[in-house]
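>>> Task: produce atomic coordinates for the following.
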Amino acid sequence: MSVAFRAAGILCFTLALALPARAETIYLTSGAFDWVSGGGAASVTMHGTGFSFEGNASPFSGVFSPWGECLVPECVTDSPVDLHTRFTGGDLPGTATYNGSTYNPVGSAAADAALDARWYGILYIPAGFSGGVLTTPFTFAGEFSYQDSPMTGGVANFIGSGTASLMFSPYANYPGAFALDSVRYEFDALATPEPASMLLIGTGLAGLAALRRRRRSRLP
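Coordinates of the predicted model:
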């Protein structure tokens, strides 16, 4: 865990406890997490009523499960890929605008705001797949902690959903395995996730470990 990550985490905790709480739930209606292999950090944009964020996230920090799995390789035919992706604190730097106030930089040790962003979902690579783009729904949850004066601040909660698009190419010397070429999580324009859809995430993740064990047994 990076020093910046810990510092920004402390900031979130401090803002949540020490400041008068003002909280609301914002549905993200546009934006995307966009990463291309070999291109360095992912670009991250989020937009909702009264809120916008533009920043970046490196696959070497935070949690980026699809990237990690396909490096092994564990992305193989007839198996799931965990889409869990999380960046927070100093691992998600950028500029945010919330209710007319601009916070820049977000996430640094000296910042007055920090963002915690979490994408969830499972993509299944079908039997017989030979490469290309696969899509599946994802869900999103997050928090934006901020201080807008020496004595006031709060936390805005975010909810969203959309379509994950992952591009794969054959992994050299591993028949049926794939390298990950790109990942895009694009928010739906009119996303209004239901609480029940978030509960389905836990159900899917519960069976993921068993499927991985079966998947690994097929690797040469």
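>>> And the pLDDT at the closest residue to Ala189 other than its chain neighbours?
In this structure, Ala189 finds its nearest non-sequential neighbour in Thr29, 5.6 Å apart by C-beta to C-beta, 6 or more residues apart in numbering. C-beta: built from backbone N, CA, C; applies to glycine. Looking at Thr29, its pLDDT is 96.
>>> Now do Thr29 against Phe187, distance only.
Going from Thr29 to Phe187 by C-beta to C-beta, to the nearest Å gives 6 Å.
>>> For Arg86, give me its contacts.
Gly62, Val63, Asp116, Ala117, Arg118, Trp119 (C-beta atoms under 8 Å, 6 or more residues apart in numbering).
>>> Out of those, list just those in strands.
Within those, residues falling in strands by DSSP state E are Val63, Asp116, Ala117, Arg118, Trp119.
>>> measure the residue lying closest to the second one once chain neighbours are set aside to Ala23 for me?
Which is Asp116. Nearest residue to Asp116, sequence neighbours excluded (C-beta to C-beta, 6+ apart): Thr88, at 4.0 Å. With distances taken as C-beta to C-beta, Thr88 is found 18 Å from Ala23.
>>> from memory the residue nearest to Asp116 sits against Phe144, does it?
No: taking contacts as C-beta atoms under 8 Å, Thr88 lies outside contact range of Phe144: 10.8 Å.
>>> Find residues that contact each of those two.
Counting by C-beta under 8 Å, 6+ apart, the residues touching both Thr88 and Phe144 are Ala114, Leu115, Asp116.
>>> Out of those residues, flag the one nearest to Leu83.
Top of the list for closeness to Leu83, among the shared contacts of Thr88 and Phe144 and by C-beta to C-beta, is Asp116 at 17.0 Å.
>>> what's across from that closest one in the sheet?
Thr88, Glu143 (DSSP bridges).
>>> how far does stretch 104-120 sit from the chain's center?
13 Å (C-alpha atoms, centre = their mean, to the nearest Å).
>>> hey, C-alpha coordinates of it in CSV?
The C-alpha trace of stretch 104-120 is given here as CSV (Å, rounded to 0.1, in the frame of the first residue of the first chain):
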residue,chain,number,x,y,z
ASN,A,104,-7.8,19.9,-7.5
PRO,A,105,-5.8,17.8,-6.9
VAL,A,106,-8.1,15.1,-5.6
GLY,A,107,-6.4,12.3,-3.6
SER,A,108,-3.1,13.9,-2.7
ALA,A,109,-1.8,14.1,0.9
ALA,A,110,-2.4,17.9,0.8
ALA,A,111,-5.8,17.7,-0.9
ASP,A,112,-9.2,18.7,0.6
ALA,A,113,-11.0,15.9,-1.2
ALA,A,114,-10.6,12.2,-2.0
LEU,A,115,-12.5,9.7,-4.1
ASP,A,116,-13.1,5.9,-3.6
ALA,A,117,-14.3,4.2,-6.8
ARG,A,118,-15.3,0.5,-7.1
TRP,A,119,-16.4,-1.4,-10.2
TYR,A,120,-17.9,-4.9,-9.9
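>>> Could you list the buried residues of that stretch?
Of all the residues in stretch 104-120, those buried under the rule 16 or more other C-beta atoms under 10 Å are 105-108, 111-120.
>>> Can I get the residues you listed in CSV including distance to Gly94 and pLDDT?
Output for the buried residues of stretch 104-120, formatted as CSV (distance: C-beta to C-beta, whole Å; pLDDT from 0 to 100):
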residue, distance to Gly94, pLDDT
Pro105, 7, 89
Val106, 5, 93
Gly107, 7, 86
Ser108, 10, 77
Ala111, 10, 78
Asp112, 14, 87
Ala113, 10, 92
Ala114, 11, 93
Leu115, 8, 95
Asp116, 13, 97
Ala117, 10, 98
Arg118, 16, 98
Trp119, 16, 98
Tyr120, 21, 98
